[in-house]
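Participant: next come a sequence and a model predicted from it.
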Amino acid sequence: MEKSGVISEKCQISGNSHICDHRNFWCDHKYARTLILINFIQFLKIRSNDSKVPMMQNRPTWAVVATVDEPPALVLAFVAWHLAMGASRVFIYCDRPDDPVQTLLAAVPQVKVVACDQAHWLRVGKSRPRRHEVRQVRNAHDAYVQTDADWILHSDADEFVWAKDRVDTVLSTASDAVDCLVIPVAERNHQSDEDGVSIFEGAFRRPFREPAHRGRKVFGADFDLTYRGLTGHAQGKAFVRTGRAMRLSIHRPRPPVPDQDLRLERAPVDDLELLHFEGLTPRYWVYKLTRMMQALHERDGMPLSDHRSKQANLLPDAPDLYRRLKQPDADVVGVLTRLGLWHTPSFDPLPAVAEYFPEVTCDLSPAAIDHWLERNKPDVLAYRRKS
């Protein structure tokens, strides 16, 4: 329960309080002063029992930045969810300057939308970088120097911050010396072959942080096709404190001076977590992996990590591979649960979407997302068929 630290009760004196017999213990004046004293004592107890809870007016503010080329429904969910979680600002950089999501976002004042056209790239550096990751980093830094929030998170559109209580409550526990607060990641898994109603269904698998040989023993040979049991990343992302000339990157910021230490803390996993919908649908997961391969082939992307390379080599058997890596059976779920690596938080962005975009019909079904792929990414899908 949030404690504001503000005395909210008002003492009301009724009757002819200007004429009073103060010998009466329950006179209006004494009663009012007694209420004030009781409330103040309760306030002091709250502060002494929970000294890390900040005064309401001192809560830190935070913002989120993402570079997007995704289904508009996903972007709307990303924006609405984080605004509902308390973000003061959401920066959306549209990798395609003609992305139609810009029109949908324009009506929300807390959202800063940037079309990544040639003028934008000349403003933030040089011409448009070939590599997607470089474009992401430049955009994130652009938001970092613009925002007036106390903290900023560089995220992907398929990553959603989840908090047990409030995001700003966790941020307020970081000491002034901390440059960034690392958010641990959990990756969405499915427990059946059914498509479901929403792309946000499922539970979340946390990284297995013991040595790889132990992971193979516990989870079998397919553990080698993952990074700590996840098909994507296990590093998490970081809230970066603003005003310190940091250089934002993908997972962690870089200090302004190369040999300067980066002072970071890790948020408690049960208080703050990054929910990664790595593979919105089975087909979207294949598309994402294929896009990485295509970008590398065309010298537009970064070299694949070891586990991504192994996954790419098995893409001809994509449906079976997805089931093996993303749909654990009951026995594996039991092991993950015993290890504290299976998280089933309450997560539904649709109420937030309805609040911030009441005029928009937002179809978050797997079929709608796959249909968007067919219409908007035929070159990537064709590359997979050729490879």
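Facilitator: Received, thanks. Numbering: from 1, shown residues only.

Participant: and the helices in the stretch 101-250 of the chain?
Facilitator: Per DSSP state H, counting those that start in this stretch, the stretch 101-250 of the chain carries helices over the ranges 101-105, 118-124, 132-146, 167-171, 212-219.

Participant: buried residues of the first one, list them for me.
Facilitator: By that I understand helix 101-105. Within helix 101-105, the residues that count as buried by 16 or more other CB atoms under 10 Å are 101-102, 104-105. Bear in mind the C-beta positions are built from the backbone N, C-alpha and C, glycine included.

Participant: what segments of the protein are strands?
Facilitator: With strands called from DSSP state E, the chain shows them at 62-68, 89-94, 111-115, 151-154, 159-163, 180-183, 185-189, 203-205, 237-241, 264-266, 272-276, 342-343.

Participant: let me see the mean pLDDT of the last one.
Facilitator: The average pLDDT for strand 342-343 rounds to 96.

Participant: tell me what that strand is packed against?
Facilitator: Applying 3 or more CB pairs under 8 Å, 6 or more residues apart in numbering; DSSP states H and E, we find strand 342-343 packed against strand 203-205.

Participant: check which helices and strands the strand it packs on is in contact with.
Facilitator: strand 185-189, strand 342-343.

Participant: distance between the shortest one and the chain's centre?
Facilitator: Relative to the centre of its chain, strand 342-343 is centred 17 Å away, using CA atoms, centre = their mean, to the nearest Å.

Participant: adjacent strands (with direction) for that strand?
Facilitator: Here strand 342-343 is paired, per DSSP bridges, with strand 203-205 (antiparallel).

Participant: what are the contacting residues of the strand it pairs with?
Facilitator: Applying CB atoms under 8 Å, 6 or more residues apart in numbering, the contact partners of strand 203-205 are 186-189, 191, 229-230, 273, 275, 328, 333, 336, 341-345.

Participant: remind me which residues of the stretch 201-350 of the chain are low pLDDT?
Facilitator: Residue ranges of the stretch 201-350 of the chain with pLDDT under 70: 299-301.

Participant: now with 90?
Facilitator: Within the stretch 201-350 of the chain, the ranges that satisfy pLDDT under 90 run 244-249, 251-262, 289-305, 308-309, 312-320.

Participant: tell me how this protein divides into domains.
Facilitator: Domain segmentation of the chain under automatic domain parsing yields 1-58, 59-386.

Participant: deepest of the ones you listed, which one?
Facilitator: domain 59-386 (a mean of 17; mean count of other CB atoms under 10 Å).

Participant: I'd say residue 63 and residue 87 touch.
Facilitator: Yes: the criterion here is CB atoms under 8 Å, and residue 63 meets it with residue 87 at 5.9 Å.

Participant: who's in contact with the nearest residue to residue 117 once chain neighbours are set aside?
Facilitator: In this structure, residue 117 finds its nearest non-sequential neighbour in residue 97, 4.1 Å apart by CB to CB, 6 or more residues apart in numbering. Counting by CB under 8 Å, 6+ apart, residue 97 makes contact with 115-117, 120.

Participant: want to try CSV for these, with distance to residue 70 as columns?
Facilitator: Below are those laid out as CSV (distance: CB to CB, whole Å):
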residue, distance to residue 70
115, 15
116, 14
117, 18
120, 18
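
Participant: mind putting those into a markdown table with pLDDT?
Facilitator: Output for these, formatted as a markdown table (pLDDT from 0 to 100):
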| residue | pLDDT |
| --- | --- |
| 115 | 98 |
| 116 | 98 |
| 117 | 97 |
| 120 | 98 |
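
Participant: which residues touch the residue nearest to residue 372 when sequence neighbours are not counted?
Facilitator: Nearest non-adjacent residue to residue 372, counting by CB to CB, 6+ apart: residue 71, 4.3 Å away. Contact partners of residue 71, counting by CB under 8 Å, 6+ apart, are 280, 368-369, 372.

Participant: from residue 326, how far off is the spatially closest residue to residue 373 that is not a sequence neighbour?
Facilitator: Leaving aside its sequence neighbours, residue 373 sits nearest to residue 287 (CB to CB, 6+ apart; 5.6 Å). As judged by CB to CB, to the nearest Å, residue 287 and residue 326 stand 14 Å apart.

Participant: equivalent analysis for residue 250, please.
Facilitator: Applying CB to CB to residue 250 and residue 326 gives a distance of 22 Å.

Participant: what do you get for residue 270?
Facilitator: Residue 270 sits 24 Å away from residue 326, going by CB to CB.

Participant: relative to residue 203, how far out is the closest residue to residue 261 other than its chain neighbours?
Facilitator: Closest residue to residue 261 apart from its sequence neighbours, by CB to CB, 6+ apart: residue 255 at 7.1 Å. Distance, residue 255 to residue 203, by CB to CB: 37 Å.

Participant: for residue 380, list the residues it contacts.
Facilitator: Contacts for residue 380 (CB under 8 Å, 6+ apart) come out as 287, 290-291, 294.

Participant: could you find the closest non-adjacent residue to it?
Facilitator: residue 291 (5.1 Å).

Participant: hang on, the earlier thing: mind listing which of the contacts of residue 380 are in helices?
Facilitator: Counting by DSSP state H, the contacts of residue 380 place 287, 290-291, 294 in helices.

Participant: mind giving me a markdown table with the residues you listed and columns for distance to residue 150?
Facilitator: Below are the ones in helices among the contacts of residue 380 laid out as a markdown table (distance: CB to CB, whole Å):
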| residue | distance to residue 150 |
| --- | --- |
| 287 | 36 |
| 290 | 39 |
| 291 | 35 |
| 294 | 39 |
